[in-house]
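Asks: Using only what follows, build the 3D model:
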Amino acid sequence: MLGRLFTDHPRSLGMSWAGHATGAVRIGASMIGAGAACLVHAAVPGWFTETAGRTVLRLHDHMQKRRAAAPDWPDYEI
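Replies: Just a heads-up that it's a prediction; the model follows:
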């Protein structure tokens, strides 16, 4: 049971638990930062005018590169 929860998914992607966790934290933190920038941008439209868009493009590029390196990568990410 614990193996399924903690190691099966990372192994299916060719990653260790720690490597997967590090990547997930980095992606999640980027998404939270972009979301916070959007909230500030809603109140002050002149601030963070490109932050969310750049973050989405950067994360998409990162995920596409990871997918290309692993032929059995699923159609979804995290």
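Asks: rest of the way, CA atoms for contacts and neighbours
Replies: Will do.
Asks: By mean pLDDT, flag the weakest helix or strand of this protein.
Replies: Within the chain, no helix or strand scores below helix 2-3, which has a mean of 79 by mean pLDDT, DSSP states H and E.
Asks: Need the three-state assignment for residue 45.
Replies: Three-state call for residue 45 (DSSP: H, G, I helix; E, B strand; the rest coil): coil.
Asks: quick revisit: mind listing what's buried along the helix or strand that comes right after the least confident helix or strand of the chain?
Replies: Next helix or strand after helix 2-3 toward the C-terminus (DSSP states H and E): helix 9-12. Using 16 or more other Cα atoms under 10 Å as the test for burial, helix 9-12 gives 9-10.
Asks: Stretch 42-58 now?
Replies: Within stretch 42-58, judged by 16+ other Cα under 10 Å, the buried ones are 48, 51-52, 55.
Asks: where in the chain is pLDDT low?
Replies: 71-78 (pLDDT under 70).
Asks: center of it - which residue?
Replies: Residue closest to the mean C-alpha point of the chain, counted by Cα atoms, centre = their mean, is residue 27 at 3.1 Å.
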